[in-house]
Structure formats: structure tokens, C-alpha cells
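Q: I would like to see how this sequence folds:
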Amino acid sequence: MANENKNEKAGATTPATPSTVEGTQSTDQAQLDLAPNTSNDEVEKLKAELVAKDSEIESLKAEHKAFKEKLKPEIEKIQSENEKLKAELVAKDSEIESLKAEHKAFKEKLKPEIEKIQSENEKLKAELAKTGKQSKASKSGAAKFVVVSAFRGNQKGEGIFEIDSDVSHFDADRLKDLVSRELVKEVK
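A: Numbering: from 1, shown residues only. Sure, this is the predicted structure:
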């Protein structure tokens, strides 16, 4: 008998009793049976709205496509100009870098020359200061030296010294030499 119970279907010996859920289903079903009559109008209304919305979407898509087509050449022109400007910018950057490198090389080339000229300037300033002291020393004695026979100067930048030109600014050794050659005389 134990095997027989296993093969029997449920509810075969005991009758089924409706559950509380089944009871509510029947009342909900009654409401659903009424709903098709009232919602059929709503469905038609919603379908009409969907058709209108589809039409509006298609219209907007067409408008958007026309707008895109209108702007496409303008956008391409702007993109082309943008690429051209980018290329010019790259060329200008390259030119700037080239000029910087050229400037640096030129500066490095001139640096030793500038240092040499500065060194020469310092030497010349020292000589000028020394000459100025000698000249002041010769002037302090109140002796004045004038040219008695015109001669050409042998120092850089000197021209011809005319008769009666004051040469008191020459250093003492040079004045002594010019006096011995009778080109200059001392006037007191």
C-alpha cells in the first residue's frame, strides 16, 4: 500500500479546497473582463499618439539630416583651415627652435671674441690711466711743449701735428725724443 500511495496523484483521495489567492483571482478576472471594453478606446488613442510621435520623429530626423548636410561643407572647411593652421604652427615652432639654436651657436662663437675685446679694453684703460698720470706729471712742472716742425704721428689714430700745436700730453720719453730731433721745443 505504501507503493500505491506513491503512484497516486495528489488530491485523488482528498478534495481540493480553494485557497485565498484563488478566491481573489476570480474577482480580478471579472474586472479584467470589463477592462477590454474601456481600454480599447484608450489603445486606439495611444496608437494614434504613437503614430503622431513616429511622424514627429521622422520629421525631426529629416530636419536634422538636412541641417547636417547644410553644415557639412562648413565643418569640412573649418577642419581644413584648422589642419592648415596646425601645420603653420608646427612650421613656426620649428623656425623658432632653429633660430634659437642659431643664436646659441652665434653667441658661443662670439663669446671668446667678446672676452678678448674686453681684455684689450681693460689693458687700454690701464695704459690710458698710466699715460694720464704721466701727462699730469709733465703738466705739473708747467712746461709746455709745442711743435716747431710739422711731423706725422707714429701712434695709432694720430695724424699730422702742425707747427705751434700743443703736444704736452705726450709721455716724457716721447717728448724727450721729439725735442732731441728738434721737432718739438719746450716753452715756459
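Q: please make it C-alpha for all contacts and neighbour counts, starting now.
A: Noted.
Q: let me know the pLDDT of Asp171.
A: On pLDDT, Asp171 comes in at 84.
Q: tell me where the model's unsure across this structure.
A: Judged by pLDDT under 70, the chain has its weakly predicted residues at 1-38, 132-142.
Q: quick one, helices of it?
A: Remark: helices assigned in the chain by DSSP state H are 2-7, 20-140, 172-180.
Q: can you lay out those helices as a markdown table showing mean neighbour count and distance to Ile160?
A: Conversion of those to a markdown table gives the following (neighbours: other CA atoms under 10 Å; distance: least, CA to CA, whole Å):
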| stretch | mean neighbour count | distance to Ile160 |
| --- | --- | --- |
| helix 2-7 | 8 | 149 |
| helix 20-140 | 12 | 20 |
| helix 172-180 | 14 | 14 |
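Q: among those, which comes closest to Arg152?
A: Each of the helices of the chain has some distance to Arg152 by CA to CA; the shortest is helix 172-180, at 11.6 Å.
Q: give me the distance between Ser59 and Ala66.
A: Computed with CA to CA, to the nearest Å, the distance linking Ser59 and Ala66 is 11 Å.
Q: how about Ile75?
A: 14 Å.
Q: next: Val167.
A: Val167 is 98 Å from Ala66, by CA to CA.
Q: and the residue nearest the centre of the protein?
A: Centroid check for the chain by CA atoms, centre = their mean gives Asp93 as the closest residue, at 9.0 Å.
Q: if we can go back for a sec, including distance to Lys188, could the helices of the chain go into TSV?
A: Shown next, in TSV, are the helices of the chain (distance: least, CA to CA, whole Å):
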stretch	distance to Lys188
helix 2-7	161
helix 20-140	11
helix 172-180	14
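Q: ok, which of those comes nearest Glu162?
A: Nearest to Glu162, of all the helices of the chain, is helix 172-180, at 13.7 Å by CA to CA.
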